Each structure stands twice: as C-alpha cells, then as structure tokens.
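Student: with the sequence up front, the predicted model follows.
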Amino acid sequence: MTRDSTDQAGGERRVRVAIAGLGNCASSLLQGIDHYRHVPAEAQEAWGLMHLEMGGYRPADVEVVAAFDIDCRKVGHPLHEAAFAEPNCTKAISDSISKSEVVVQMGPVHDGVAEHMADYPADKSFRVADDKPVDVARVLEETQADVLVSYLPVGSSKAVQAYAEACLATGVSFINCVPVFIVSDPQWGERFRAAGIPCAGDDIKSQVGATILHRIISRLFVDRGVKLDRSYQLNTGGNTDFLNMLARERLASKKISKTEAVTSQIPYDIGADNIHIGPSDYVPWQKDNKLCFLRIEGKGFGGAPIELEARLSVQDSPNSAGIVIDVIRYVQVARDRGLAGPMLPISAYTMKHPPVQMPDVEAARRIEEFLANGGAR
C-alpha cells in the first residue's frame, strides 16, 4: 500500500509528512528541517542527527504536507504561523520557518484535551476551535502523505487511535511519539503488518534526556557489578506537556512507558516501591526547559553503598526533534524497501515503549546495518 516517494515535479525523493498536534515538539521539528537545510551537502557531520543523510534522505527532504490541531489559535492558520502560536514556548533554533501553503486543519477531539487546561493563566486563551473536524483519512489521501507523526497530548488514547485508524485506511506510516500503546501493542502491530505499512513507536526518547540518561546509568551499575537497590527520576517543566500531565489520571501509560524504559536495563526485579519515575510538577516560568533530578542507590563490593545524584537541564522539544527526523527517514526507507509492521531497532533506539526493548548500543548497531545493507529492520 506504500507510495512512490519520488516528487513528481522535480524527480527528487521526498518524505511527505502529516503532523497531528502543532505544539512545541512540532515547532522544533519544523525549525530543525529549515536549520539543516542550510548545512552544506558536502558536510560529513551534523550534530543532533544520527546522520545528515539517511538512506538517501536529508532533513530538507522531509516535507510537511498536512497538519492537524484543535486549538483555535492554530486551526485555520498557515503552518509557519501556527508553529509559533501560543502556548508554544520552545527555544528558537531557527530564525523562521519557510513560508508554507499548508493550513492547519481541525482534527478529531475525542480525549485530546484535559479538562483542567483552560483553568491555568499560562493557557487561558485555549479554546477548542469551532471548525468541524475533517476526515483525516481523506486529507492523507489528498495530500499523498507517506508518514503521519503523532504529537498529541499525553492521555489522548482515543484521539491517537483515530489517527492510527486513518493511517491503516490509507497506507500511511504511523510514528507515535506519545505514550499511547499502538506500535508496541501486538494487535495494532499486526494490523500494520497485514496492511503492508511500516510504523514506529511508542513515546519518543530525547537525544540526551531523562530517560536515556537514567537507562545508561542504570546499565552502568549493572554492568560494573553493582546491585541497584532503588532509584527515582523527578522532572519539572513549564510547557503544555507538563501542564497537561497535572491531570494524574492521564498519566498511567506515561509512567508505564518511562518506568519500563529504565527497568528493562536491570536484569532483576528491584520492587515497585523502590523505583519512581515520572513527571513531578508544572513550573510555568521554566517554559520548555525541562529539569530532571535523578538518584540511584546501590551496593558494591562487600555491600558497600554507592549513591549517585544528577541534575539534567535541557530544552525539551529540540531535544526530541532530531530523533524524530531520524525516525521519519528510517521509516521512509522501510517503505521504499516494501517492509511492513513495527520497525524494531529504530523503535528500540528512539522510543521509551517499543515493541521490543534492546540495549541502545545494540539497537544503534542494527540501525546502521539496516541503512548500510538492508539488515534487520
């Protein structure tokens, strides 16, 4: 069901992308596409990416052809304007986004809005647009999208499923950056495989974020023979992701995703009471700056105690955008090769809750093999 990625006008290979959710992460993705557009073609390195060119695709080959949101400040506005509309507050990594003819369309609402969101001053202007939701599948067909990237809020299970169904109906690949278990669910994964569509997910890991840092340090303790006894990870931020997560009932899958990403690196059970991982609080003035406070306790030689504490400060949205550009291009290469179903190494390397957890070095090795010679997907 996959389409030819050749641009009909110029003969160049393109990845035609639709985005669901025009928040900070989408804004950083769009800015990054423009930023790397100006990196010279002969450049051998591009910091922030696995490779400047991946399977014949550069970041500039990623073309956004459709966008969906439900916020009245974004629906009906051109993509390059909506990406900077409130409440977006991510740090700018590009002076501007190229002018786009794409207009943000009204997506399905379902459970995409936490009821408390409009009660906070930082988001007091939020209102669901009055527009009638479009037929997402029809838009994907009309725009000839190859890939849809889901950036919906945490807890938007029904809304994420609606976009996944639209992808299945149209042969569009699904990249799920949020903690709703689609790609990692065996039944959903089999549906994508049966439909001949490659997909990747679930819940994006940042380039150097709280989860990857926690995973690596936990693995270090294990590999060096230290018994890991207990650990916590507390995060604060001031973007709408953290505001949305104040509704604790929307956090169930998020906590599972983040916790399993870390415990998968520990080959024994330390007990549910001895590990706490998850968002801690919303601090408005932090905006898109995310702070992680990490503590690990263990026992070394002779039972001697070892304790580690770390503080990580990152710009949350740019930290994940380069990862998403890499996933988009990998999935498009899989489409070009006629592969289908969950893409395991790229999901393991870039997502907190992939279908199969792998050590990051193993996932990275398998990704390189895939890109070099069509190795394991």
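Tutor: Perfect, I can see it now.
Student: can you tell me the element residue 372 falls in?
Tutor: helix 360-373 (DSSP states H and E).
Student: need the contact partners of that helix.
Tutor: With contacts defined as C-beta atoms under 8 Å, 6 or more residues apart in numbering, helix 360-373 is touched by 50-51, 54-55, 212, 215-216, 330, 333, 344-346, 348-349, 358, 375-377. C-betas here are computed from N, CA, C, even on glycine.
Student: kindly recompute the last result at 10 Å.
Tutor: With C-beta atoms under 10 Å, 6 or more residues apart in numbering as the contact definition, helix 360-373 has outside contacts at 50-51, 53-56, 205, 212, 215-216, 219, 265, 326, 329-330, 333-334, 337, 339, 343-351, 354, 356-359, 375-377.
Student: how about the CA coordinates for that helix, as CSV?
Tutor: Backbone C-alpha positions of helix 360-373 (Å, rounded to 0.1, in the frame of the first residue of the first chain) are rendered in CSV as follows:
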residue,chain,number,x,y,z
ASP,A,360,20.8,1.2,23.0
VAL,A,361,24.1,0.2,21.6
GLU,A,362,22.6,-3.0,20.1
ALA,A,363,19.7,-1.0,18.6
ALA,A,364,22.1,1.5,17.1
ARG,A,365,24.2,-1.3,15.6
ARG,A,366,21.2,-2.9,13.9
ILE,A,367,20.1,0.5,12.6
GLU,A,368,23.5,1.0,10.9
GLU,A,369,23.3,-2.5,9.4
PHE,A,370,19.8,-1.7,8.1
LEU,A,371,20.9,1.5,6.5
ALA,A,372,24.1,0.0,5.0
ASN,A,373,22.9,-3.2,3.6
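Student: tell me the buried residues in it?
Tutor: 360, 363, 364, 365, 366, 367, 370, 371 (16 or more other C-beta atoms under 10 Å).
Student: now do stretch 173-188
Tutor: 173-185, 188.
Student: farthest-separated two in these?
Tutor: 173 and 179 (19.3 Å; C-beta to C-beta).
Student: okay, buried residues for stretch 50-57 please.
Tutor: Those buried within stretch 50-57 under the rule 16+ other C-beta under 10 Å are 50, 51, 52, 54, 55, 57.
Student: same deal with stretch 99-110?
Tutor: Result for stretch 99-110 [16+ other C-beta under 10 Å]: buried residues 100, 102, 104, 105, 106, 107, 108, 110.
Student: any chance you could map the helices in the stretch 101-250 of the chain?
Tutor: With helices called from DSSP state H, counting those that start in this stretch, the stretch 101-250 of the chain shows them at 136-143, 157-170, 186-194, 210-223, 240-244.
Student: which one of those is the most hemmed in?
Tutor: Mean neighbour count (mean count of other C-beta atoms under 10 Å) peaks for helix 240-244 among the helices of the stretch 101-250 of the chain, with a mean of 23.
Student: just name whatever secondary elements that one is in contact with.
Tutor: helix 24-37, strand 227-237, strand 275-282, helix 316-336 (3 or more C-beta pairs under 10 Å, 6 or more residues apart in numbering; DSSP states H and E).
Student: same thing but 7 Å
Tutor: Secondary-structure packing of helix 240-244 (3 or more C-beta pairs under 7 Å, 6 or more residues apart in numbering; DSSP states H and E): strand 275-282.
Student: with adjacent residues omitted, what lies nearest to residue 245?
Tutor: Distance criterion C-beta to C-beta, 6 or more residues apart in numbering; nearest residue to residue 245, sequence neighbours excluded, is residue 279 at 4.7 Å.
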